[in-house]
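[1] model this:
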Amino acid sequence: MAKGSFKCSKCDRSFKMAAHLARHMNTIHASPQKKAAAKRKAAAKKKRNVKKVKPVKKAKRKAVGRPTGIAARLKLRDLSIEQLTELMEAARAEARRKLAALRASIG
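    Residues are numbered from 1 along each chain as shown. Here you go, the predicted structure:
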């Protein structure tokens, strides 16, 4: 027997919460008509609480071979490894030159 402060008047069960005792009374000790009504009410409540699932949107696919991003805009994909290496070295040299000019102007 469960210990609690709410005891059933028709059997020896006890409950910790009044709502649990009320549910017990409605499902176990109620008349068949009340049981059927309680079942209909529970089914209607369950039907109302069902969440509607939205369909998943499909991601847009990019066309294969279509240039995207900065590499495509600068046409870097068309360059060979040697040309890319030269381009990177030139960019580094330009960055060093600008950094040196900035440091000279500050200090």
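
[2] what packs against the lowest-mean-pLDDT helix or strand in the chain?
    In the chain, no helix or strand scores lower on mean pLDDT, DSSP states H and E than helix 69-73, which sits at a mean of 74. Applying 3 or more CB pairs under 8 Å, 6 or more residues apart in numbering; DSSP states H and E, we find helix 69-73 packed against no helix or strand. (Each C-beta comes from the backbone N, C-alpha and C, glycine too.)

[3] next secondary structure after that helix?
    helix 81-106 (DSSP states H and E).

[4] using the three-state scheme, assign residue 59.
    Per DSSP: H, G, I helix; E, B strand; the rest coil, the secondary structure class of residue 59 is coil.

[5] in stretch 90-99, what counts as buried?
    The neighbour-count check on stretch 90-99 (16 or more other CB atoms under 10 Å) flags nothing as buried.

[6] and the least confident helix or strand of the chain, how far out from the chain's middle?
    On the basis of CA atoms, centre = their mean, to the nearest Å, helix 69-73 sits 32 Å off its chain's mean C-alpha point.

[7] what residues go with each domain of this structure?
    The chain breaks down into these domains under automatic domain parsing: 6-48, 71-106.

[8] closest one to residue 56 among the ones you listed?
    domain 6-48 (23.7 Å; CB to CB).

[9] among the domains of the chain, show me which one is buried the most.
    domain 6-48 (a mean of 12; mean count of other CB atoms under 10 Å).

[10] relative to residue 76, how far out is residue 15?
    Between residue 15 and residue 76 the computed distance is 73 Å (CB to CB, to the nearest Å).

[11] same deal with residue 54?
    Relative to residue 76, and taking CB to CB, residue 54 is found at 40 Å.

[12] and residue 32, by the same measure?
    80 Å.

[13] same question for residue 10.
    Applying CB to CB to residue 10 and residue 76 gives a distance of 83 Å.

[14] over to residue 82?
    13 Å.

[15] before we move on, what about residue 86?
    Taking CB to CB, one finds residue 86 at 12 Å from residue 76.
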